[in-house]
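# Predicted model, plus sequence, below.
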Amino acid sequence: MNKTPLVSVITPFYNDIKYFPETLRSYFSQSYPNIEMVLVDDNSDLRPDTLIPAEPKYPVQIVRSHTKMGPGGARNLGIRHAKGEMIAFLDSDDIWKPEFVQRCIEVFLKYESADWVYTDGYYVINGKPVKKPNSAYFGFKKGLPKGREVNDLHLKGYAFELMSANIVRRHVIEETGYFNEDLEISEDWDFFCRIAERSNVYAVDEPLIYYRKRSDSFHYSKLENYIKVHSEILDRIYNNQGLLPERKTDLERAIALSYERVGIQYLNKGCPHRARYYLMHRATQPIKFSLRMIALKTLSFLPVSFYRAAIKLYELMI
């Protein structure tokens, strides 16, 4: 394997003028020398062209779509224009640490069997990074999941990968399939579920990216569709792996976690009535007696300030 394989960085852009300059700086700050950015202007009203330096440190190829494709379609268009044997993803509002690409490529060079390498990262909420990395919130005390662990956690309904924290071999994407352009949301989780079913997954146990969590994001505004989409993805991966009907109970538990997740998001938005609808839905039966679910349902009846205080206490404990 080439010691410095070309890494194509796929960046969909849609009106993110406010955040993109910082994203772009993080791309130009990479210590790894052989990279290119394929910037996909997804029929944006605000053009990113003027933000690109006349003589950029690393190449930036701008591809413009004449129709609004959405993040999955935009990434697919970017992959088709990419020249690299490695495909990285950097959303237009996220940030890489300077060593992100270098640390991932070191893993690919060390393990020729690696198909996909991902890293830990920090959420950025209201412009400020949270204190703990993403792995802490999922309870990954022994490091990020690797190998078959990733697929096993997907089967349990866990969506823990941060979109901008991944590099995948191009041939793996071509063999597994591109992003599903029919999905309005969670096209990234569907993509990683399909790759994890058949690939060797490695991880870098360092938080090397900043993932911006925005209340105006398309995903956040489509919570009602989240359960439907996740249920369909889970049903597909269980069927693909021949796990039904023997593991129907596991599938139902994974779907129950989707209801819990939506309930948590509504609590985060300060909508306890909507949260209770999902937390008390009959589909949550498999997890209704878990301590976390009991705590969430109790908090949904209290003022929002109690929930926010509980979150801060939890962050101190993990």
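Nice, I can see it.

# got the contact list for Glu197?
Asn151, Ile237, Asn240, Gln241 (Cβ atoms under 8 Å, 6 or more residues apart in numbering). Glycine gets a C-beta too; all of them are placed from N, C-alpha and C.

# from those, which ones fall inside helices?
Asn151, Ile237, Asn240 (DSSP state H).

# excluding its backbone neighbours, what's nearest Glu161?
Phe192 (5.2 Å; Cβ to Cβ, 6 or more residues apart in numbering).

# doesn't that neighbour fall inside a helix?
Yes: remark: Phe192 belongs to a helix, assigned using DSSP: H, G, I helix; E, B strand; the rest coil.

# Run through the residues that contact it.
Trp116, Val150, His154, Glu161, Asn166.

# Could I get the full set of helices for the stretch 151-300 of the chain?
Using DSSP state H, counting those that start in this stretch, the helices found in the stretch 151-300 of the chain span residues 170-176, 187-196, 223-240, 248-268, 272-279, 291-299.

# Show me how far the second one is from its chain's centre.
Yep, that's helix 187-196 we're talking about. Taking Cα atoms, centre = their mean, to the nearest Å, one finds the center of helix 187-196 at 9 Å from the center of the full chain.

# Please identify the buried residues of the worst-scoring helix or strand of the chain on mean pLDDT?
Here the helix or strand of the chain ranked lowest by mean pLDDT, DSSP states H and E is helix 304-317, holding a mean of 88. For helix 304-317, a neighbour-count test (16 or more other Cβ atoms under 10 Å) marks Val304, Tyr307, Ala310 as buried.

# Quick one: neighbours of the nearest residue to the last one once chain neighbours are set aside, just the number.
Spelled out, it's Ala310. Nearest in space to Ala310, with sequence neighbours left out and distances taken as Cβ to Cβ, 6+ apart, is Leu299 at 6.0 Å. By the criterion of other Cβ atoms under 10 Å, Leu299 has 21 neighbours.

# Verify the stated contact: Leu299 with Leu267.
Yes: look at Leu299 against Leu267 with Cβ atoms under 8 Å: they come within range, at 6.8 Å.

# shared neighbours, those two?
Tyr307.

# what sits against the residue nearest to Asn2 when sequence neighbours are not counted?
The shortest distance from Asn2 to any non-neighbouring residue, by Cβ to Cβ, 6+ apart, is to Glu85 (7.8 Å). Each residue near Glu85 by Cβ under 8 Å, 6+ apart is listed here: Asn2, Pro5, Leu6, Arg169, Arg170, His171.

# The same query, at a cut-off of 7 Å, please.
Pro5, Leu6, Arg169, Arg170 (Cβ atoms under 7 Å, 6 or more residues apart in numbering).

# Quick check: the farthest pair among the residues you listed?
The most widely separated members of the contacts of Glu85 are Leu6 and Arg169, with 12.0 Å between them, by Cβ to Cβ.
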